[in-house]
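**Student:** Below are the sequence and a predicted model; questions follow.
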Amino acid sequence: MYGCDARERALALIGSGSSLRAVSASTGISRSTLRDWRDHPEKTRQRASCPQCATPPQPPGPTRDYAYLLGLYLGDGCISVGGDPAKGVWALRIACADAWPGLIEECRKAMGAIRPGNKVASQQRVGCTEVIAYSRHWPCLFPQHGPGRKHKRTIELATWQQIIVGERPGDFARGLFHSDGCRFLSRVRRPLPGGDRWYAYPRYMFTNESQDILTLCGETLDRLGVAWRFSRRNTISVARREAVARLDEFVGPKY
Ligand SMILES: [Zn+2]
């Protein structure tokens, strides 16, 4: 099975006037396969059904689901070869804590919305549920995919991803905080004449080892008008009352 890139390149060569024999010799793809691609473009379209493999490439949608899923993926997702590598199928896996069944469901919905033709499955692990869907096109949709851990490589958004994140910063932040973030009550003691009193303030934290992902999170909070600071090298903290209230409009407590 050939990837979309190989197909597009071969069709471009044929379109520019090269013979099937010449294209076959230069690409290693059999003449019968090339003929099939040339004569049945509708089959190719059906098989691809991937906005990034379309000509010209389109951004995936709905953008709301994409921005959310991108946040989840950057926070706690991974793309790996699914099954036989020769088939070119990839698995997108997102680890969701069992404590938050609502978030597992939201993750499933977003994955299904972005790849409506692919089944979304769940796999029980210790303390968490992995939400998985298989597709040839995960690397097209998440070009941040690459070998090794995310914090060991550069994470940069493609231009079309920057546009989506710019349009849907709240959904992107929701995905980031649902995967690698939390909303918690910070208890503070105030000494008063009649004895100490304890107050509880809601706060948000986002922790990630990738400086690039922390930068994306910070830029998104700026865009939403949410004040934040680094409380540690790898942790973004949202603590001011009005900033927490603003972020609550998009994220809120886990459920
Ligand atoms: Zn694709």
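**Tutor:** Thanks, I have it. Numbers count the residues shown, from 1 in each chain.
**Student:** drop to CA atoms for contacts and neighbour counts, all remaining ones
**Tutor:** OK.
**Student:** got the residue ranges for the helices in the protein?
**Tutor:** Secondary structure of the chain (DSSP state H): helices at 4-15, 20-27, 31-39, 41-48, 63-76, 101-114, 138-141, 159-167, 169-180, 211-224, 241-248.
**Student:** Would you mind finding the most buried of the ones you listed?
**Tutor:** helix 169-180 (a mean of 26; mean count of other C-alpha atoms under 10 Å).
**Student:** one step back: between the helices of the chain, which one is closest to the ion.
**Tutor:** Among the helices of the chain, the nearest to the ion by C-alpha to the ion is helix 138-141 (4.8 Å).
**Student:** So for that closest one, mean pLDDT?
**Tutor:** Throughout helix 138-141, pLDDT has a mean value of 95.
**Student:** And stretch 74-81, by the same measure?
**Tutor:** 93.
**Student:** Could you measure from the residue most central in space within the chain over to Tyr201?
**Tutor:** With distances taken as C-alpha atoms, centre = their mean, the residue of the chain nearest its centroid is Leu70 (2.3 Å). Leu70 sits at a distance of 29 Å from Tyr201 (criterion: C-alpha to C-alpha, to the nearest Å).
**Student:** This protein against the ion: which residues are in contact?
**Tutor:** 50, 53, 137, 140 (C-alpha under 5 Å from the ion).
**Student:** who's in contact with the residue lying closest to Ile132 once chain neighbours are set aside?
**Tutor:** If the residues on either side of it in the chain are set aside, Ile132 comes closest to Arg93, at 4.6 Å by C-alpha to C-alpha, 6 or more residues apart in numbering. Applying C-alpha atoms under 8 Å, 6 or more residues apart in numbering to Arg93 gives the contacts 77-79, 130-133.
**Student:** one more time with 10 Å, if that's ok
**Tutor:** With contact taken as C-alpha atoms under 10 Å, 6 or more residues apart in numbering, Arg93 is in contact with 72-73, 76-80, 111, 120-123, 129-134.
**Student:** Sweet, I'm off.
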